[in-house]
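1. The following block contains a protein sequence and its predicted model.
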Amino acid sequence: MDCVAMSVKTSPWDVCEYLATAEDIVAYLNAALEDNDPNVLQAALGDVARAQGMTRIANRAGVGRESLYKSLHFDGTPSFKTITKVAQALGVRIVFEVNPDVDAVREREEMLAQA
């Protein structure tokens, strides 16, 4: 049997094309958070900033555009202050909740109850 080589055409995929609504953005950022890797979150924030316009987000966050690009790159080192400014500029907020997989909070509650 002869094998016929077929060429497959591909095109670049850019997540920014799929971040059209606030719900899309929140779902994307929450999925990045679930990875428990800060680099993934900062890259996702960078994707959202690109989708909304990096210059506009940098201006709203009060940081330089080039600095924002570098900070939100996968291997960037943004401060938490920068992350919170960017989140605010993107129109989202960071929310903390109890992680049911981590018993540290319950252990602390039990320790206080025993005292």
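-> Done, it's in. Since we're looking at a predicted model, the values are computed, not measured.
2. Only the buried residues of stretch 67-84, if you could.
-> For stretch 67-84, the neighbour count (16 or more other Cβ atoms under 10 Å) marks Leu68, Ser71, Leu72, Gly76, Pro78, Thr82, Ile83 as buried. Glycine gets a C-beta too; all of them are placed from N, C-alpha and C.
3. Go ahead and name everything in contact with it.
-> 39-43, 45-46, 49, 54, 57-58, 61, 63, 86, 94 (Cβ atoms under 8 Å, 6 or more residues apart in numbering).
4. Give me the buried entries from these.
-> Buried subset of those (neighbour count, 16+ other Cβ under 10 Å): Leu41, Gln42, Ala43, Leu45, Gly46, Ala49, Met54, Ile57, Ala58, Ala61, Val63, Val86.
5. So which of those belong to helices?
-> Leu41, Gln42, Ala43, Leu45, Gly46, Ala49, Met54, Ile57, Ala58, Ala61, Val86 (DSSP state H).
6. Relative to Leu19, which of these is nearest.
-> Using Cβ to Cβ, Ala49 is the member of these that lies nearest Leu19, at 10.1 Å.
7. about what we covered before: what two of the buried ones among the contacts of stretch 67-84 have the greatest distance between them?
-> Leu41 and Ala58 (18.1 Å).
8. what's the neighbour count on Asn59?
-> 14 (other Cβ atoms under 10 Å).
9. Against Val86, how distant is it?
-> 12 Å (Cβ to Cβ, to the nearest Å).
10. Could you find the closest non-adjacent residue to Cys16?
-> Ala51 (3.9 Å; Cβ to Cβ, 6 or more residues apart in numbering).
11. Please consider this matter closed, and thank you.
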